[in-house]
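> Please work out how this folds:
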Amino acid sequence: MRTVTAADYPIDACQALNAECSRQLDEGRGFILVRGLNTAEYGDEVAGAIFFIMGLHLGQPIAQNQMGDLLDHVVATSNKTMDDSTALPSRVRDRLPFHSDSSDVVALMCLRGAKAGGASSLVSGTTIYNEILRRRPDLAPLLLEPFHWDWRRQDPDSPELTYTSPVVS
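Now for the predicted structure:
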């Protein structure tokens with residue numbers, strides 16, 4: 001997957017859909033919901049490849065975990081909880097709290113619904129920023145200043161406990 005490009009899979013039949021998805025992400029509500037892909041018909045690997053290729057037409061993938069995987073599965077395969085500092089958030093049985101992925105676009109695909117729980121909640125960072133700008137324009141510039149983030153939680157082998165990055169860039 002590291003060598004696949006959007007040009008390798010032009011999916012001409014989806015040009016209008018991709019254009020509308022890009023418009024909604026950049027200028028609209030900041031997220032899209034795509035339905036109708038029969039994942040059971042294709043199986044997990046092919047459905048994952050379709051999902052990945054669709055994403056390539058919307059942007060550049062980034063590492064999803066400390067192993068550098070470009071596609072990750074969120075599956076409760078551990079009895080660890082979020083209180084355990086050694087737990088991988090994508091593998092715990094707890095509800096994942098709101099968090100920020102270091103990207104402009106977040107893409108999720110449901111291969112199989114959970115027996116219980118498993119609901120996803122999204123908020124648009126652009127919408128939040130614009131609302132802060134509208135309500136408290138004096139606070140908006142603070143989001144562009146360096147902020148300290150917990151690095152160990154994301155990567156237990158990280159060289160430092162924290163790293164700095166603006167909340168918004």
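
> Going by neighbour count, list what's buried in stretch 90-109.
91, 92, 105, 107, 109 (16 or more other CB atoms under 10 Å). All C-beta atoms are positioned from the backbone trio N, CA, C, and that covers glycine.

> And these, which is the shakiest by pLDDT?
For the buried residues of stretch 90-109, the model is least confident at residue 105; its pLDDT is 76.

> how much space between it and residue 124?
11 Å (CB to CB, to the nearest Å).

> hmm, back to that, now render the buried residues of stretch 90-109 as a markdown table, adding secondary structure.
What follows is those, written out as a markdown table (DSSP: H, G, I helix; E, B strand; the rest coil):
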| residue | secondary structure |
| --- | --- |
| 91 | helix |
| 92 | coil |
| 105 | coil |
| 107 | coil |
| 109 | coil |
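
> Among the residues you listed, which one lies nearest to residue 61?
Distance to residue 61 across the buried residues of stretch 90-109 (CB to CB) is lowest for residue 107, with 9.0 Å.

> quick one, what contacts the closest one?
51, 55, 58 (CB atoms under 8 Å, 6 or more residues apart in numbering).

> check contacts around the last one.
Going by CB under 8 Å, 6+ apart, residue 58 touches 18, 21, 22, 25, 105, 107.
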